[in-house]
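Provided below are the primary sequence and the corresponding predicted coordinates.
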Amino acid sequence: MLAEIITIGDEILIGQIVDTNSAWIAQQLNAIGIRVKQISSVSDDKQHILNALAEAAKRADIIVITGGLGPTKDDITKSTIAEYFNVPLVRNQQTLDNVAQIFAKYNRPLLEVNIRQADVPENCEVIINNNGTAPGMWFNEQGKVYISMPGVPHEMMYMMEEVVLPKLKNTFSLPAIVHKTILTVGEGESFLAEKIADIESSLPAHIKLAYLPKLGSVRLRLSAFGNDEQVLRQEVELFAGQLTERIGKAVVTDTDVPIEKAILDEMEAKGLTLSVAESCTGGYISHLFTQHPGSSKVFFGGAISYSYDLKESLLGVKNETLWSHGAVSRETVVEMVEGALINFKSDYAVAVTGVAGPGGGTDDKPVGTVWIAVANSKKTFAHKYTFGKKRMQNIERTAITALGMLVKLLRDTHQ
């Protein structure tokens, strides 16, 4: 069963907002056995939308549309879909009652423009919006299912979870899809591919291996397609075990979570705590940890110490170290990480200092030069890296590399 996602709105095409809806919808469809064939973004233009719908119908069995359902003049999705199906708009009483209830709740006048939100194409099955005024619409025409939903993410998500996904599962006989993700850090995509080439070649036709590289890490995703979910899971686990054994220490986790969450889970299970001393990353590492609920069970916090003064007062870095070796040096990063251990009283600590750029580089310490250290009460490791010239990439790569070093120290110490 193939699907296509169409997002409608000029704001997407000019980069005013990022289309997160499509990624989320694709994940949800894939999880129930529906493969997304294509994702398209189109402008608030009638002919553009009509063309997109016609083209999608040639490629897919299910067409999911978001956006353009608001009350303003640039929201033309409903009228355009009505024209596409050659049907009139009719007023849906259930939707009108929902809109009226929402406006009454907030003691606001119900204007004609709001009332018109209850007008829908005659051939649709209305999906009531329990979180807004714009209804969703389900069409089943000539063997194709079209689903139109609001572009507001939380409205769309509730509608998908509460109505659309269950209805799709009841409407179609869907195959099973099983995914297994292995997160690796510290080895490049091409190196990994060469290392596991024979295992990849041995995969049966219904199991695919995808490489998903990011700065400093690569995810390997096994995807199996078939009818018997239990058999598929057994097959995927078998091949995942082979890959994990072959890759070895570069494997962080075989669950589909980001590296910082895998670290939090592992440290919590072992009753360990963590602090950080950040300079060039400016709190980014702390953000990675604290975005996850329950992080306080492991993560104590730390210091964002850009200046020499704060490196000295918060972390105990010696003044002579800073002036003799500079902030970006082995000596400084070692004193930062050991200072974090002592001052913040954690079991483990991470420290980073470097030249994120685009300015500030010198001949001996060009932009992209970073020192990273990890430590516990028994061991301290420090390493110099030379990344690129782009500031955000340097910050992200520094963070992921630091977390990879932390994983190595954890495994060396507690395995």
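Thanks, I have the structure now. Quick caveat: nothing in here was measured; it's all calculated off a predicted structure. Numbers count the residues shown, from 1 in each chain.

What is the least confident helix or strand in the chain?
helix 112-115 (a mean of 88; mean pLDDT, DSSP states H and E).

Run the chain-centre distance for it.
37 Å (C-alpha atoms, centre = their mean, to the nearest Å).

Over to stretch 408-415?
The answer for stretch 408-415 is 28 Å, by C-alpha atoms, centre = their mean.

what sits up against it?
Outside stretch 408-415, the residues that touch it by C-beta atoms under 8 Å, 6 or more residues apart in numbering are 249, 263, 266-267, 270, 272, 348, 374-376, 378-379, 381. Where C-beta positions appear, they are placed from N, C-alpha and C, glycine not excepted.

How about stretch 315-325?
Stretch 315-325 has contacts (C-beta under 8 Å, 6+ apart) with 277, 303, 305, 308, 311-312, 329, 331-332, 335-336, 339-340, 342-343.

In three-state terms, label residue 74 for me.
Assigned with DSSP: H, G, I helix; E, B strand; the rest coil, residue 74 falls in the coil class.

Leaving out the residues flanking it, which one is nearest to it?
Leaving aside its chain neighbours, residue 74 sits nearest to residue 44 (5.0 Å; criterion: C-beta to C-beta, 6 or more residues apart in numbering).

before we move on, the earlier item: if you count neighbours, what's buried in the least confident helix or strand of the chain?
114, 115 (16 or more other C-beta atoms under 10 Å).

Need the mean per-residue confidence for whichever helix or strand comes after it.
Once helix 112-115 ends, the next helix or strand along the chain (criterion: DSSP states H and E) is strand 119-121. Here strand 119-121 scores 96 as its mean pLDDT.

List buried residues within the contacts of stretch 408-415.
263, 266, 267, 272, 348, 374, 375, 376, 381.

Turn those residues into TSV, including secondary structure and pLDDT.
Formatted as TSV, those follow (DSSP: H, G, I helix; E, B strand; the rest coil; pLDDT from 0 to 100):
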residue	secondary structure	pLDDT
263	helix	97
266	helix	96
267	helix	97
272	coil	98
348	strand	98
374	strand	98
375	strand	98
376	coil	97
381	strand	97
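
Closest one of these to residue 206?
Lowest distance from residue 206 to the buried ones among the contacts of stretch 408-415 (C-beta to C-beta) belongs to residue 266, with 32.5 Å.

which residue sits farthest out from the middle of this protein?
Seen from the C-alpha centroid of the chain, the residue lying at the greatest distance (C-alpha atoms, centre = their mean) is residue 320, 43.3 Å away.

Just the element for that one, please.
Here residue 320 sits within helix 319-325, counting by DSSP H and E.

Show me what the mean pLDDT comes to for that helix.
The average of the pLDDT scores along helix 319-325 is 97.

Please identify the buried residues of that helix?
321, 322.

Show me where the stretch 51-200 of the chain has its strands.
Secondary structure of the stretch 51-200 of the chain (DSSP state E, counting those that start in this stretch): strands located at 62-66, 89-91, 119-121, 125-127, 136-141, 144-149, 176-185.

Pick the most deeply packed of the ones you listed.
Among the strands of the stretch 51-200 of the chain, strand 62-66 has the highest mean neighbour count (mean count of other C-beta atoms under 10 Å), at a mean of 26.

by contact count, what packs against that one?
strand 2-8, helix 20-31, helix 46-59, strand 144-149 (3 or more C-beta pairs under 8 Å, 6 or more residues apart in numbering; DSSP states H and E).

Ok, which of the ones you listed comes nearest residue 395?
helix 20-31 (21.6 Å).

hmm, who's touching the least confident helix or strand of the chain?
71, 72, 96, 99, 103, 133.

how does this protein divide into domains?
Per automatic domain parsing, the structural domains of the chain span 2-171, 176-253, 259-414.

for the residue nearest to residue 74, what are its contacts?
Taking C-beta under 8 Å, 6+ apart, we find residue 44 in contact with 8, 9, 10, 68, 74, 75, 76.

tally of neighbours for the nearest residue to the fourth one once chain neighbours are set aside?
For residue 68, the nearest residue in space outside its immediate sequence neighbours is residue 77; the separation is 3.2 Å by C-beta to C-beta, 6+ apart. Around residue 77 there are 25 other residues, counting by other C-beta atoms under 10 Å.

Could you measure from the residue farthest from the centre of the chain over to residue 327?
The gap separating residue 320 from residue 327 is 13 Å, by C-beta to C-beta, to the nearest Å.

Also residue 383?
Counting by C-beta to C-beta, the separation of residue 383 from residue 327 is 16 Å.

ditto for residue 301
Taken as C-beta to C-beta, the span from residue 301 to residue 327 is 21 Å.

So these two - more neighbours on which side?
Remark: of residue 301 and residue 327, residue 327 carries more neighbours, 23 against 14, as counted by other C-beta under 10 Å.

mind checking the SS state of the closest residue to the more buried one other than its chain neighbours?
Nearest residue to residue 327, sequence neighbours excluded (C-beta to C-beta, 6+ apart): residue 353, at 5.5 Å. Under three-state DSSP, the three-state class of residue 353 is strand.

list the contacts for residue 353?
279, 280, 327, 328, 329, 332, 333, 336, 370, 371.

Roughly how far does the fifth one sit from residue 384?
Right, the one you point to is residue 329. Residue 329 sits 9 Å away from residue 384, going by C-beta to C-beta.

which residues do the two both contact?
Shared contacts of residue 329 and residue 384, counting by C-beta under 8 Å, 6+ apart, come down to residue 371.

In the top helix by length along the chain, which residues are buried?
Looking across the chain with DSSP state H, the single longest helix is helix 391-414. By neighbour count on 16+ other C-beta under 10 Å, the buried set for helix 391-414 is 391, 393-410.
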